[in-house]
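>>> Output the structure for:
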Amino acid sequence: MSEPFDGLDPDAVLRRLRAEAEQLETEATRLRTELTNTTATSSSPDGAVTATVSATGVLTGIAFSAAVREHAPEALGPLVMATIEAARQEVADQVSASLREQTPLYVVMGVTGSGKSTVGVALAERLGVPFGDADDFHSKENIAKMSAGTPLDDDDRLPWLLAIGAWLAEHADTGAVASCSALKRKYRDALRAVAPTVRFVHLHGDKATAHARVGNRPGHFMPDTLVESQYAALEELGPDEAGVVLDFTRPVAELVDTVVGAAVE
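Below is the predicted model:
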């Protein structure tokens, strides 16, 4: 009879599940605290009425200025309600903006052979969000050019980058992960122009490993000969760019743990 979790260490599985649960609880606690402390205040155009509401839209304070005397009694009720509704709309906008900032949009970047798709799929599965493979956004012309061993130029890349950025932007409310070489700063700027909150996961490592990996995936349109040109074009993430740099020789699960952990911190 085979053992439960055949081929897996049950204790290791439990430890990982507990760690993931702790990370989720930490993030949930942080969001609850942030939302609890969120309020919005709105005033009527003439400042006669000022209303403050909580993140849930509950009225927590109301004040009147001397200008309230300028309003007829029958107009005061609608003015108060309109001011409260304006405050509720403002706090709703604040909460939505805060949640959008927490929604993960990732681009797993690096040279060919760095494992972008493998790590990207695993990260998307961990986060429960869609994954988009950059290869699927290339035009037929781009694929033909790379298959022939010819590097793409910037004119080739721009529509491709904008398509990836647009796909990420479409998933801004739910989160998403995409793979994309994004080798140069200006390429990442193009992605950020469409999806401003994107974070980059740069899988970095030695050329020999990249060459070996590309050589061992028959049928892929990207030939081994383009590895050198990609390393030559690579520009590291700048200190002002949101993202992390990770060694692509590390186990996939470990890389994903590091990305998720960095987001929680």
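>>> what's Pro151 in contact with, if anything?
For Pro151, the residues meeting the contact criterion (CB atoms under 8 Å, 6 or more residues apart in numbering) are 226, 229-230, 233. For glycine as for every other residue, the C-beta is placed from the backbone atoms N, C-alpha and C.
>>> try 7 Å this time
The neighbourhood of Pro151, defined by CB atoms under 7 Å, 6 or more residues apart in numbering, consists of 226, 229.
>>> From Gly57, how far out is it?
Computed as CB to CB, to the nearest Å, the Pro151 to Gly57 distance reads 55 Å.
>>> Ok, Leu127 next?
Separation of Leu127 from Gly57 (CB to CB): 29 Å.
>>> any low-confidence regions in the stretch 51-200 of the chain?
When the per-residue scores of the stretch 51-200 of the chain are filtered using pLDDT under 70, the ranges that remain are 95-103.
>>> and if we set it to 80?
By pLDDT under 80, the low-scoring segments of the stretch 51-200 of the chain are 55-57, 92-103, 139, 142, 146-154.
>>> for it, what spans make up the helices?
Using DSSP state H, counting those that start in this stretch, the helices found in the stretch 51-200 of the chain span residues 73-102, 116-127, 140-147, 154-170, 185-194.
>>> Now do the buried residues in the shortest one.
Think helix 140-147. Taking 16 or more other CB atoms under 10 Å as the neighbour-count basis, helix 140-147 is seen to contain the buried residues 142, 145-146.
>>> cool, stretch 164-180 as well?
Across stretch 164-180, burial judged by 16+ other CB under 10 Å covers 164-165, 167-169, 171, 175-180.
>>> What is the burial count for Gln94?
The number of residues packed near Gln94 is 15, by other CB atoms under 10 Å.
>>> residues contacting it?
When contacts are counted by CB under 7 Å, 6+ apart, Gln94 is found next to 38, 40.
>>> 10 Å - rerun?
Contacts for Gln94 (CB atoms under 10 Å, 6 or more residues apart in numbering) come out as 35, 38-40, 55.
>>> And the furthest pair within those residues?
Greatest spacing in these, by CB to CB: Leu35 and Ala40 (12.1 Å).
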